[in-house]
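In: just the structure for this:
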Amino acid sequence: MSQTPQMDVLYLKDLGHVLGIFTRNSEPGDIEADASAFVGDGLHLRALKPGQDLVVPPALIGLFRTDRNWRQILSPLNLYATHLDTAPVLSSFPGPALTVAYAAPNLKITLANVGATIQVLVLDTAGGAPVQFSAAVTTTQTNVSLAMTGLIVGHQYNAFVFVPAYPIAVQTFTAA
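Out: Okay, the predicted model is just below:
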């Protein structure tokens with residue numbers, strides 16, 4: 001156990017977006033093997049879109065421990081983690097926000113130099129479980145089009161877009 005005060009970080013696996021940070025009164029010697037001990041059937045994110053409760057399934061959430069930093073604890077959604085397979089490092093997002101638009105039936109995402117996987121969690125504004133979409137992106141792609149299939153026509157949805165090194169983007173649309 002570290003002599004330096006610690007904090008535990010919940011993040012979106014593979015992409016590194018920080019979803020939450022917490023501290024403990026007494027730190028166990030070993031960190032839990034997975035995030036389900038803390039999030040149960042999912043982590044509720046209410047701050048991304050007023051009035052919408054996005055529940056991120058525990059299978060998508062990773063967990064690591066690092067030295068406590070109060071500035072980071074107060075603004076977890078402004079952070080992303082890198083070097084997840086070795087010694088994770090937390091950083092603020094370096095670039096501008098993503099440009100996201102909906103042109104039926106596709107969600108169009110404009111970005112630069114990513115070369116990674118984009119993950120989109122789409123949630124019906126009436127509630128329910130999120131539908132997951134993803135796409136592999138090359139470093140030369142600047143426009144990505146994801147077909148929003150399997151959604152109920154006429155229902156309103158919020159698409160929560162996760163791209164490495166970009167802040168989380170939210171796009172509201174009506175499925176066509």
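In: all strands of this structure, in order?
Out: For the chain, the strands defined by DSSP state E cover 6-12, 18-22, 43-45, 54-56, 61-67, 79-82, 89-92, 99-103, 106-110, 117-124, 131-136, 143-147, 156-162, 169-174.
In: care to break the chain down by domain?
Out: With domains defined by automatic domain parsing, the chain comprises 6-92, 99-174.
In: could I get these as TSV with mean neighbour count?
Out: From N, CA and C alone the C-beta is placed, and that goes for glycine too. Shown next, in TSV, are the domains of the chain (neighbours: other CB atoms under 10 Å):
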stretch	mean neighbour count
domain 6-92	15
domain 99-174	16
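In: got the ones you listed as a markdown table, with mean pLDDT columns?
Out: What follows is the domains of the chain, written out as a markdown table (pLDDT from 0 to 100):
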| stretch | mean pLDDT |
| --- | --- |
| domain 6-92 | 88 |
| domain 99-174 | 90 |
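In: now tabulate the strands of the chain in CSV and tack on distance to Asp34.
Out: Below are those laid out as CSV (distance: least, CB to CB, whole Å):
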stretch, distance to Asp34
strand 6-12, 11
strand 18-22, 14
strand 43-45, 12
strand 54-56, 13
strand 61-67, 7
strand 79-82, 16
strand 89-92, 20
strand 99-103, 30
strand 106-110, 29
strand 117-124, 18
strand 131-136, 18
strand 143-147, 28
strand 156-162, 19
strand 169-174, 27
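In: so which of those strands gets nearest Ala37?
Out: Within the strands of the chain, the stretch nearest Ala37 is strand 61-67; the backing value is 8.5 Å (CB to CB).
In: so how far is the closest one from its chain's centroid?
Out: Put simply, strand 61-67 sits 14 Å off its chain's centre (CA atoms, centre = their mean, to the nearest Å).
In: what packs against that strand?
Out: When contacts are defined as 3 or more CB pairs under 8 Å, 6 or more residues apart in numbering; DSSP states H and E, strand 61-67 sits against strand 6-12.
In: can you list the strands that the strand it packs on pairs with?
Out: strand 18-22 (antiparallel), strand 61-67 (antiparallel) (DSSP bridges).
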